[in-house]
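> Mind looking at a prediction? Sequence and model below.
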Amino acid sequence: MSLGDRILERLKELGMSQAELARRVGITQPSINHLIRKGAGGSAHLHRIAAVLETTVEYLIGETDDPSSQAGVSDRRAGFRGDVVPPDTIELDEFDVSYGLGAAFIHESAVSRRKRVFSRSWIRQFTDSPFDQLFWATGNGDSMEPKIQDADVVLIDGANRTPRQWDKIWAVEVGGLGAIKRLRPTKDGKGIRMLSDGGQPEEVCYDDELTVIGRVCAIVRKV
C-alpha cells in the first residue's frame with residue numbers, strides 16, 4: 001500500500017476525518033490531502049501524523065506492515081552501531097530539507113529523513129516538550145542571518161505552536177511554503193507579521209493563512 005492508502009486506512013479505523021487529523025497535527029486539510037494524493041513520504045509533519053493516527057512513521061512509509069505504535073522500535077535501536085541505544089539517549093528525526101530560512105516548498109520537495117541519536121539531558125537544555133514532538137531540520141537560505149546561517153540545523157519544538165513570546169523564532173507554513181521567521185502581532189492585533197533578521201521586507205498573514213509548525217529552540221552549526 002502507498003503512504004496515502006495507509007493514512008486513509010488509519011483514518012477509517014479510527015473514525016477520523018482528514019479535517020480532524022489536520023486540526024490535531026496543526027496543519028491545513030489540503031496539506032493532508034496532498035500527502036494522501038502525492039505520497040510525499042519525507043514531509044516534516046509525518047512524525048506528528050503518525051502519532052495522531054496511533055501508529056509509526058515506519059508503518060506509514062511501508063517499512064513495516066505492523067501498524068502498532070511500538071512497531072520498529074527494537075529494530076531502530078538495534079541499528080545504533082550494532083548495539084542497543086543506551087537508556088539515556090533518544091532518537092529524533094532529522095530532515096535534510098524541511099524549511100527555507102526565507103521560504104521553500106515543503107510539500108513538493110524531495111525531503112529525506114533520518115534518525116539521529118542524542119543525549120536526553122543535552123536535548124533537555126533546550127526544551128521540556130515530549131521527545132516525539134521534536135525534530136531537526138536543515139535551514140536553506142540567508143534571510144535569517146546572522147542568527148541562522150545557510151545549512152545550519154535547527155531543533156523545532158512541535159509542541160510549542162502558540163507564539164505567546166513575540167520575537168522568538170518559529171517554523172511556519174504559509175500557503176504550502178515553509179519558512180523560519182520571527183513573529184510579531186500587527187498593531188491592530190488582527191494579523192501576524194513575519195520578519196527576517198537579514199532586513200528583507202516583512203510579510204503579514206491574517207486568519208488561517210499561517211500555520212505555526214513549532215518554535216526553533218536550538219541552532220547547531222558546523223565549523
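Looks like it came in fine.
> which residues are in contact with stretch 208-223?
Here stretch 208-223 makes contact (Cβ atoms under 8 Å, 6 or more residues apart in numbering) with 26-28, 44-45, 99, 125-127, 133, 136, 147-149, 151-163, 168-175, 178, 180, 183, 192, 194. The way it works is simple: take the backbone N, C-alpha and C, and place the C-beta from them, glycine included.
> Tell me which strands the lengthiest strand in the chain pairs with, and in which orientation.
Secondary structure of the chain per DSSP state E: the longest strand is strand 210-220. When pairing is defined by DSSP bridges, strand 210-220 lines up against strand 153-157 (antiparallel), strand 169-174 (antiparallel).
> residues in contact with the shortest one?
It refers to strand 153-157. Strand 153-157 is contacted by residues 44, 94, 99, 123, 126-127, 129, 133-139, 148, 171, 180, 213-221 when judged by Cβ under 8 Å, 6+ apart.
> again, only this time at 10 Å
44, 92-96, 98-99, 101, 116, 118, 123, 126-130, 133-139, 144, 148, 169-171, 180, 213-222 (Cβ atoms under 10 Å, 6 or more residues apart in numbering).
> measure the nearest residue to residue 155 once chain neighbours are set aside to residue 53 for me?
Nearest residue to residue 155 in three dimensions, chain neighbours excluded: residue 218, at 3.8 Å (Cβ to Cβ, 6 or more residues apart in numbering). For residue 218, the distance to residue 53 equals 28 Å [Cβ to Cβ, to the nearest Å].
> The two: which has the busier surroundings?
Neighbours per residue (other Cβ atoms under 10 Å) separate residue 218 from residue 53, with residue 53 holding more: 23 against 16.
> related to what we said a few turns ago, if you count neighbours, what's buried in the longest strand of the chain?
By 16 or more other Cβ atoms under 10 Å, the buried positions in strand 210-220 come out as 210, 211, 212, 213, 214, 215, 216, 217, 218, 219.
> Pull out the CA atoms of that strand and give them to me as PDB.
The C-alpha trace of strand 210-220 is given here as PDB (Å, rounded to 0.1, in the frame of the first residue of the first chain):
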ATOM      1  CA  LEU A 210      -0.300  30.900   8.600                       C
ATOM      2  CA  THR A 211       0.300  27.600  10.400                       C
ATOM      3  CA  VAL A 212       2.900  27.500  13.100                       C
ATOM      4  CA  ILE A 213       4.800  24.200  13.000                       C
ATOM      5  CA  GLY A 214       6.800  24.800  16.100                       C
ATOM      6  CA  ARG A 215       9.300  27.000  17.800                       C
ATOM      7  CA  VAL A 216      13.000  26.900  16.900                       C
ATOM      8  CA  CYS A 217      14.600  26.200  20.200                       C
ATOM      9  CA  ALA A 218      18.200  25.300  19.200                       C
ATOM     10  CA  ILE A 219      20.600  26.000  16.400                       C
ATOM     11  CA  VAL A 220      23.600  23.800  15.500                       C
END
